[in-house]
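>>> Please work out how this folds:
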Amino acid sequence: MFYNLNIIFRNLRRGGFYSVINIGGLAIGMAAAILILTWIHHEWSYDRFHAKEKQLYRVWYRVKWETLEARPNTSFSVAPILRDDYPDIVSVTRAPSQNTLFTVDNFSFRVPTAFVDSVFLDMFSFPLLLGNAATALNDPLSVILTEKTAKRLFGSDDPMGKSVLINNKDLMNVTGILKDIPKNTVFEFEALIPIAFAESHNMYNAWIGNAIIPTFAEIHPQANKDSVNKAISGIIRERSENEVDGEIFLFPLSESHLYSKSENGILTGGLIDTLRIFGLVAFSILLIACINFMNLSTARSEKRAKEVGVRKVMGGNRLSLIRLFFSESILLAFIAGLISVVIVLIALPAYNSLLGKQLSLDLTDYRVWLAGLAFVLFTGLLAGSYPAFYLSSFMPVKVLKGVFRGKRQVIAPRRILVILQFTVAIVLILSTLVIHRQVRYAESRDNGYRKDQLIYHPMSGDIGKNYELIKHDLLASGAATSVTRTFAPMTQGWANAVGVKWRGEPESKIPIDLFFTDDDWLKTVGTTVVEGRDLNFADFPTDSTAALLNETAVKVMGFEDPIGEEVEPWSGKVHVVGVIKDFILHSPYEPTVPMIIVGSGANSGMLRTLHIRLNQANPTADNLAKAEAIFKQYNPAYPFEYQFIDDEYARKFQQEQTIGSISTLFAVLTIFIACLGLFALVAYMAETRKKEIGIRKVLGASVGNVMILLSKEFLIMVLVSIAIASPVAWWAMSRWLTSFAYRTNIPWWLFVVVGVISLGIALLTVGFQAVKAATVNPVESIKVE
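From the prediction side, this is the model:
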């Protein structure tokens, strides 16, 4: 295809400014597409690097509540049943994880630790640098460290066989060193401990209906997943004697990262939907860049018409001309591709910061080059397709006479392409604004408590034993104004119940959240009592079996006067002493769930989180310094590990904010590329019509008349784009918003604002060249050399 390169380079040089626009537009479009595709590939590649990828599955739990729901965890006791009773299942491992305190020679820090079955390293391709994968997890008191954690604990010393103190209690022996795990996996750990250790310490409830344990299975290579799912589906009902209306099923591990949303218990969407949308965005940006090439190539057809005519007279056929034009477009795409790689390498650090990822373009991998060549070839063929067939169709008799141009078409291909460009750009702009509007709408929602100056700390080590002393000193020092204990942080829900009983309801199928608390909870977190009173264990000893309901729970239970009513979740029967305002525990995009706030009482062991209201009269840094000194005094073996509630609450918006930021970036690039092509197209039209413009000015046309002459057609095309893009964007974003129960609307004025902005941008782009053409001295325009 690449013959006579001299001719191709000569034509590129002749193009001058227009060749630069073509190459620059393509390079920016290709760079944007590469950035998007790199991110898509990273998300798609999760857990596809395992040697047994096709045999590995995550065990999901499908439970019947109000509707069928699917959850990615199962009971602690499911794994041994699958392993022992189903021959098509080769291996099963559990992998619950938590932050564990590791101590070596008085040096301590928290390490994300997974508790796994002994077959874990046989199932998954996490290579050991030191140790024997077959035996490293056999001893319950063994631990495997990642390379990074081993260096942090032991420096340059050989870690094998050395001891590590776990949670200031158990001495573990290092039996293996893992290569640091990649980022593209659902697993997040820096140490592995045998699940037998967790069993011996009763760390997890083994009740068959307690679905909190990540569980993974490897099936036989010849086994059929559907057959296995059919065989295992009834385990929960059978083992619970129909007490729990749930079932388990296998879902490919390599797809688990992509699918998290379920409809009627079937996994139907999740991250995969976002990736599909941005795949379309990548193609759209590339298409807009290619349209610039098509438009400029066909607009400048007069420059190439005589060349086509002469080549045909000299014996050239249409096929050879098509090959020539495709060669030019592919070579131009290759040059743009090289520039785009440079742009990507420069932009990657900022792009990674925006995404919170560690993406890279590995230029040492031959597959990257093969994919790059395919990408360049695709871009060249796409950009050159219309010009190749359009230019090669010229009749030599007409072009050599100078009458090759046909009648002016109302619906010309070039106009359609410009309209398509701006339609895509306007859809992206509108979509971006709706995403930002939805995030702001959720952020403005009343969360139901005071987030500011509120921190939480895990009840680790000796904190439980010394709680009263810690609370007293925090208040006495002035670092805090209130302290309380709860089961979970205020931003997380760790427990719920189905089958809750209350008057008139023997066993509800509605899931209800449970939140265990201690004294001073309302005072600390700032939630409002709307009826009744707060829990008060000092003045009311019976409050150890009392509870508060949120407003949603009162509605669900149908209580007209909830005070004094009794409800019975799995934790035991409690009496209601108050009703609190709804507060957001889970997603700010979803409705508030019914909730029972249970006094600690017999469930005091459930209080695992300390909440502290810092004293606003003091600088935050001073409060934290005092608090750290107190924690060090009463819990010296553990670090001071506080988290600000407002920071953690803000992270609930992170995914949508990231999508909004990416959308903004690529919407701006899209409109820039479209305007770049429009700028060049107007410049060329002004150049080709300069004699006409000169004559019009001699005959009395004003600068304004000339500007209207050159701008009117393009502004009409932008108006048509706005008319097409508006309903498309409304339909697409309305569908996107349906995934949020708590969602904003799409106001009519948003389309007006975007339309005015789009027209303004187009007018500035076209107007610059129009003014330039209109102010040229007509003598210079019409003189003949």
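>>> Please, where are all the helices along the stretch 251-400 of the chain?
Ranges of helices within the stretch 251-400 of the chain are 253-256, 271-299, 301-313, 318-355, 366-391, 396-401, based on DSSP state H, counting those that start in this stretch.
>>> Take these and lay them out in TSV including mean pLDDT, mean neighbour count and distance to Val174.
(Glycine included, C-beta is placed from N, CA and C.) Rendered in TSV, the data for the helices of the stretch 251-400 of the chain read as follows (pLDDT from 0 to 100; neighbours: other Cβ atoms under 10 Å; distance: least, Cβ to Cβ, whole Å):
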stretch	mean pLDDT	mean neighbour count	distance to Val174
helix 253-256	94	21	28
helix 271-299	84	21	36
helix 301-313	60	17	72
helix 318-355	85	18	33
helix 366-391	78	18	36
helix 396-401	56	16	80
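>>> JSON lines for those helices, including distance to Val59?
Formatted as JSON lines, the helices of the stretch 251-400 of the chain follow (distance: least, Cβ to Cβ, whole Å):
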{"stretch": "helix 253-256", "distance to Val59": "10"}
{"stretch": "helix 271-299", "distance to Val59": "20"}
{"stretch": "helix 301-313", "distance to Val59": "62"}
{"stretch": "helix 318-355", "distance to Val59": "30"}
{"stretch": "helix 366-391", "distance to Val59": "32"}
{"stretch": "helix 396-401", "distance to Val59": "70"}
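>>> Ok, which of the ones you listed comes nearest Ile724?
Nearest to Ile724 among these is helix 271-299; the distance by Cβ to Cβ comes to 13.9 Å.
>>> Tell me the helices and strands packed up against that closest one.
Other elements packing on helix 271-299 under the criterion 3 or more Cβ pairs under 8 Å, 6 or more residues apart in numbering; DSSP states H and E are helix 17-44, helix 318-355, helix 366-391, helix 413-443, helix 654-688.
>>> swap the cut-off to 10 Å and go again
Counting contacts by 3 or more Cβ pairs under 10 Å, 6 or more residues apart in numbering; DSSP states H and E, helix 271-299 packs against helix 17-44, strand 261-263, helix 301-313, helix 318-355, helix 366-391, helix 413-443, helix 654-688, helix 703-737.
>>> With distance to Ala114 added, can I get those in a markdown table?
Below are these laid out as a markdown table (distance: least, Cβ to Cβ, whole Å):
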| stretch | distance to Ala114 |
| --- | --- |
| helix 17-44 | 22 |
| strand 261-263 | 25 |
| helix 301-313 | 64 |
| helix 318-355 | 25 |
| helix 366-391 | 30 |
| helix 413-443 | 32 |
| helix 654-688 | 24 |
| helix 703-737 | 35 |
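>>> who wins for proximity to Pro96 among those?
strand 261-263 (21.7 Å).
>>> for the closest one, which positions count as buried?
Within strand 261-263, the residues scored as buried using 16 or more other Cβ atoms under 10 Å are Ser262.
>>> How far away from the center of its chain is it?
Strand 261-263 sits 17 Å away from the centroid of its parent chain (Cα atoms, centre = their mean, to the nearest Å).
>>> now for that strand, which elements pack on it?
Strand 261-263 packs on strand 68-71, strand 266-269, helix 271-299, going by 3+ Cβ pairs under 10 Å, 6+ apart.
>>> between those, which one is nearest to Asn106?
strand 68-71 (41.2 Å).
>>> ok, and what's touching the closest one?
Identification of contacts with strand 68-71 by Cβ atoms under 10 Å, 6 or more residues apart in numbering yields 60-63, 211-212, 245-247, 249, 251, 259-268, 511.
>>> do that again at 8 Å, thanks
Residues from elsewhere that reach strand 68-71 (Cβ atoms under 8 Å, 6 or more residues apart in numbering): 60-63, 211, 262, 264-267.
>>> what does stretch 628-637 give?
With Cβ under 8 Å, 6+ apart as the criterion, stretch 628-637 contacts 101, 103, 108, 168, 457, 460-463, 466, 469-470, 473-474, 477, 479, 638, 640.
>>> if you set the cut-off to 6 Å instead, what comes out?
168, 461-463, 466, 469-470, 473-474, 640 (Cβ atoms under 6 Å, 6 or more residues apart in numbering).
>>> ok, now stretch 97-116?
93, 95-96, 149, 153, 164-167, 188-193, 195, 198, 638.
>>> now do the same end-to-end measure for that stretch.
Stretch 97-116 stretches 9 Å from its first residue to its last (Cα to Cα, to the nearest Å).
>>> List the buried residues for it?
Buried, per 16+ other Cβ under 10 Å, within stretch 97-116: 97, 100-104, 108, 110-111, 113-116.
>>> Repeat that for stretch 41-57.
Here stretch 41-57 shows 42-44, 46-47, 50, 52, 55-57 as buried, counting by 16+ other Cβ under 10 Å.
>>> circling back: just the buried subset of the contacts of stretch 97-116, written out for PyMOL, thanks.
Buried subset of those, written as a PyMOL selection, criterion 16+ other Cβ under 10 Å:
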select buried, resi 93+95+96+149+153+164+165+166+167+189+190+191+192+193+195+198+638
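>>> Now intersect the contacts of stretch 97-116 with the helices, please.
149, 153, 195, 198 (DSSP state H).
>>> mind putting the residues you listed in a markdown table, distance to Met490 and pLDDT included?
Formatted as a markdown table, the ones in helices among the contacts of stretch 97-116 follow (distance: Cβ to Cβ, whole Å; pLDDT from 0 to 100):
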| residue | distance to Met490 | pLDDT |
| --- | --- | --- |
| Thr149 | 30 | 96 |
| Leu153 | 33 | 94 |
| Ile195 | 31 | 96 |
| Ala198 | 27 | 93 |
